[in-house]
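Trainee: My questions concern the predicted model and sequence given below.
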Amino acid sequence: MQSKDSKLKVYGLTQDTATNKYILIFDFERHLTNGECVNCNRYNTSPAWCQTCDSQKTIQGWTSGSEDVDDCIKKFQLKATEYTDVIEWIPFNRLDNVRKIGKRGFGSVFSATWLDGKRIASGGSKSRTPSYIVALKTLPGLQKNFLREFKNYAEFRLVGSNLEVYGLTQNTTNNEYLMVLQYANKGSLHKFLSSNFRKLNWKNKLKQLVDISRNLSIVHKAKYVHGDLHSGNILQHQCVNNGNLKSYIADLGLSRKNDESNLEDSIYGVLPYVAPEVLNQRPYTIAADIYSFGIIMTEMSTGRPPHYDIEYNEALAIQICNGLRPGFAKGTPECYIQLANKCMDDNPSNRPNAFYIYNKLSKWYKVVNRNASKDKNELAIFKAFQSADTIIPTLSAELPTCPKDKLTSKLLNFKNLSQTIGEYLDLLYLVFNNR
C-alpha cells in the first residue's frame, strides 16, 4: 500500500499464538515533508528522522563506560520518534561553566553550557543549536535509584511531557552521574510567586495551572503517581522569542507505577502538600497527587506557601488529618475555591482526576484569555476573575524569613500518627465534655 505523498507499506499478517489474534505488520507512516532517509531512500517518519534507520545508528559508536547506563540510554534512543527527542550520552568535557544553582529533595541542581548544543530539525535537515544552557541534576545514592528517576523523566517525555530531556553525563571529578535537562530560567514556582506575585493576573495564574494539570494528567495517564508534588518541584521557563511562561513538573525521584508499593516504609515530601491519608500510612495513590495540586491552587491564590507561619511538625500533621487546609486570598473566584476544595477533600475518592481539572481550568482560561463570554455561565466566570484581578494589588505576598529547608522535601517520620490522632481526639472530647 502506497500513497502519493507517503510510503506506508504493509508486509502482511501474523497471528499471536497466545491469543490467536491476527496482527497487521506495516511500516511507520512517512511523509515527503520530512525529507528522505539517506539509508533506505524512503521518506522520513518525522522531520529529518527515520525511525527504522536513524534509531539504530544512535545506539552505535559511543559508551558511557557502564553497561547499565548504556542499556538505559539505548532503550530510549530506540523509542524516540523525533530527532529532537533523542537522548544522548554527553561527555562531561562537553559541558562548560558548570555552576550550582540549587538543591532539591532529590539531589543538587547545576546550570551548564552544552558546547555541542541541542538537536533541532527542519524538514529533512538535522542540525544543532550553538552552545546551549542546560540544567544538570544529580541524585546521590545507588545508581539504580538514579536511573529510576532518569527513566521516569525520559518516559514522560515520550508520552508528551513538555520538559526536554537531553541525556546523561558523569562528573569526572567525583564520578557522580547527572541528568542533562532543559534549563528553566525562572526557577521554581515557589520562587517565582515570591518575586512576581503582584505582577500576575488571573489569566497568568490559570495558564500556569493549565500547564501543571496537563503535565500531571500525562503522568497519571501513563499510570504513574508523582509522589512529591509541591511548588518547589514545578519549574517556570519564559520563552525568549515570545515571552510566554511555561510550567513543568520536575523532581520525579518518587514517581512510580500506580500499582507499585511505596519505595520504602516512610513518608517523604513537604508536609502541607502531603495528603492526610498518606500521613496516616495509607498507600500513596494518584488521588494524593490531586490533593497536592489543590494545595498548589491555594498557593497560587495567596502567593504564600501553605501554613508558612506554622512549624512543619507532627502537631501540624495532626491538624491536617483533622481537616486543616490553607485559605484563599480575598476575592478569589468561588468556582476556583470549590475546585481546589474538591482536590483537598478528606476522602480521596471524592477528589477529581487530573484530566477533569485540566479541562475545567482550560475552559476558564479560554474565557479569560479571549476577554469575552458566549453565555451566562461564561459571563459569570469572566466577571469573577476580572473582579479578582482588581484585588491583587491590595494583597500582601511578603513572607517572614523561613529556614531554607522548610520547603524542601524530606523524610517525615510520623510512624505513630494514627495513634497520636486518636489520643488527641480523646483529649478534645474530654475537654469539651468537662466545660
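Mentor: The structure has been received and is ready for your questions.
Trainee: what does stretch 43-57 contact?
Mentor: Stretch 43-57 has contacts (C-beta atoms under 8 Å, 6 or more residues apart in numbering) with 6-7, 27-37, 39-40, 42, 77-83, 121-126. Every C-beta, even on glycine, is put in place using the N, C-alpha and C of the backbone.
Trainee: Show me which positions of that stretch end up buried.
Mentor: Using 16 or more other C-beta atoms under 10 Å as the test for burial, stretch 43-57 gives 43-51, 54-55.
Trainee: just to revisit the earlier point, of the contacts of stretch 43-57, select the buried ones using a ChimeraX command.
Mentor: Command for ChimeraX that selects the buried part of the contacts of stretch 43-57, burial taken from 16+ other C-beta under 10 Å:
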select :6,7,27,28,30,31,34,35,37,42,77,79,80,83,121,124
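Trainee: Which ones among the contacts of stretch 43-57 map onto strands?
Mentor: Using DSSP state E, 121-122, 125-126 are the members of the contacts of stretch 43-57 that sit in strands.
Trainee: Please give me every residue in contact with Gly12.
Mentor: Neighbours of Gly12 in contact, by C-beta under 8 Å, 6+ apart: Ile25.
Trainee: pLDDT on whichever strand or helix holds it, on average?
Mentor: When secondary structure is defined by DSSP states H and E, Gly12 falls within strand 10-15. Taken as a whole, strand 10-15 carries a mean pLDDT of 75.
Trainee: Following element in sequence after the biggest helix by length in the chain, please.
Mentor: Once the chain is assigned using DSSP state H, the helix that runs over the most residues is helix 202-221. Later in the chain than helix 202-221, the nearest helix or strand by DSSP H and E is strand 224-225.
Trainee: Tell me the strands beside that following strand, with direction?
Mentor: According to DSSP bridges, strand 224-225 forms sheet pairs with strand 256-257 (antiparallel).
Trainee: tell me the two of the buried residues of stretch 43-57 that are most distant?
Mentor: Tyr43 and Ser55 (15.8 Å; C-beta to C-beta).
Trainee: sorry, back to before: list the ones among the contacts of stretch 43-57 that fall in helices.
Mentor: Counting by DSSP H, those place 77-79 in helices.
Trainee: Out of these, flag the one nearest to Tyr183.
Mentor: When the ones in helices among the contacts of stretch 43-57 are compared against Tyr183 (criterion: C-beta to C-beta), the nearest one is Gln77, at 22.2 Å.
Trainee: For that closest one, which non-adjacent residue is spatially closest?
Mentor: Using C-beta to C-beta, 6 or more residues apart in numbering and skipping residues adjacent in sequence, the residue nearest Gln77 is Thr58, 4.4 Å away.
Trainee: Spit out the contact partners of the one you found.
Mentor: 77, 80, 86, 88.
Trainee: For Ile337, give its distance to Ser195.
Mentor: For Ile337, the distance to Ser195 equals 25 Å [C-beta to C-beta, to the nearest Å].
Trainee: do Thr298 as well
Mentor: Taken as C-beta to C-beta, the span from Thr298 to Ser195 is 19 Å.
Trainee: Looking at the two, which has the bigger crowd around it?
Mentor: Thr298 (25 against 12; other C-beta atoms under 10 Å).
Trainee: how would you label that one: helix, strand or coil?
Mentor: Using DSSP: H, G, I helix; E, B strand; the rest coil, the structure places Thr298 in helix.
Trainee: which one is it nearest to, not counting chain neighbours?
Mentor: Distances taken as C-beta to C-beta, 6+ apart place Pro326 nearest to Thr298, at 4.0 Å, with adjacent residues excluded.
Trainee: Would you confirm that Arg94 contacts Ala112?
Mentor: No: contact status for Arg94 versus Ala112: not in contact, 9.5 Å apart, counting by C-beta atoms under 8 Å.
Trainee: What residues sit buried inside the host helix or strand of Glu149?
Mentor: The secondary structure element spanning Glu149 is helix 143-158 (assigned by DSSP H and E). When burial is assessed from 16+ other C-beta under 10 Å, helix 143-158 yields the following buried residues: 146-150, 152-158.
Trainee: Can I get those in a markdown table including distance to Ala372 and pLDDT?
Mentor: Output for the buried residues of helix 143-158, formatted as a markdown table (distance: C-beta to C-beta, whole Å; pLDDT from 0 to 100):
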| residue | distance to Ala372 | pLDDT |
| --- | --- | --- |
| Phe146 | 50 | 71 |
| Leu147 | 50 | 86 |
| Arg148 | 47 | 85 |
| Glu149 | 44 | 85 |
| Phe150 | 45 | 90 |
| Asn152 | 41 | 89 |
| Tyr153 | 39 | 90 |
| Ala154 | 41 | 91 |
| Glu155 | 40 | 90 |
| Phe156 | 35 | 90 |
| Arg157 | 36 | 89 |
| Leu158 | 38 | 87 |
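Trainee: What is the nearest of those residues to Lys207?
Mentor: Phe156 (20.5 Å).
Trainee: doesn't Ser217 make contact with the closest one?
Mentor: No: in this structure, Phe156 is not within contact of Ser217 by C-beta under 8 Å, at 11.4 Å.
Trainee: Over to Lys191. Which of the three states is it?
Mentor: Using three-state DSSP, the structure places Lys191 in helix.
Trainee: ignore the last one, Thr63
Mentor: When classified by three-state DSSP, Thr63 comes out as coil.
Trainee: got a list of what it touches?
Mentor: Contacts were defined as C-beta under 8 Å, 6+ apart; by that measure Thr63 touches 70, 89.
Trainee: isn't Asn353 right next to His220, touching?
Mentor: Yes: using C-beta under 8 Å as the test, Asn353 is close enough to His220 to be in contact (7.0 Å).
Trainee: Quick check: neighbours shared by these two?
Mentor: Taking C-beta under 8 Å, 6+ apart as the contact criterion, the residues that touch both Asn353 and His220 are Ile286.
Trainee: how much space between Glu378 and Phe385?
Mentor: For Glu378, the distance to Phe385 - C-beta to C-beta - is 11 Å.
Trainee: Which one's more surrounded, these two?
Mentor: With other C-beta under 10 Å as the criterion, Glu378 and Phe385 differ in neighbour count, and Phe385 comes out ahead with 23 against 17.
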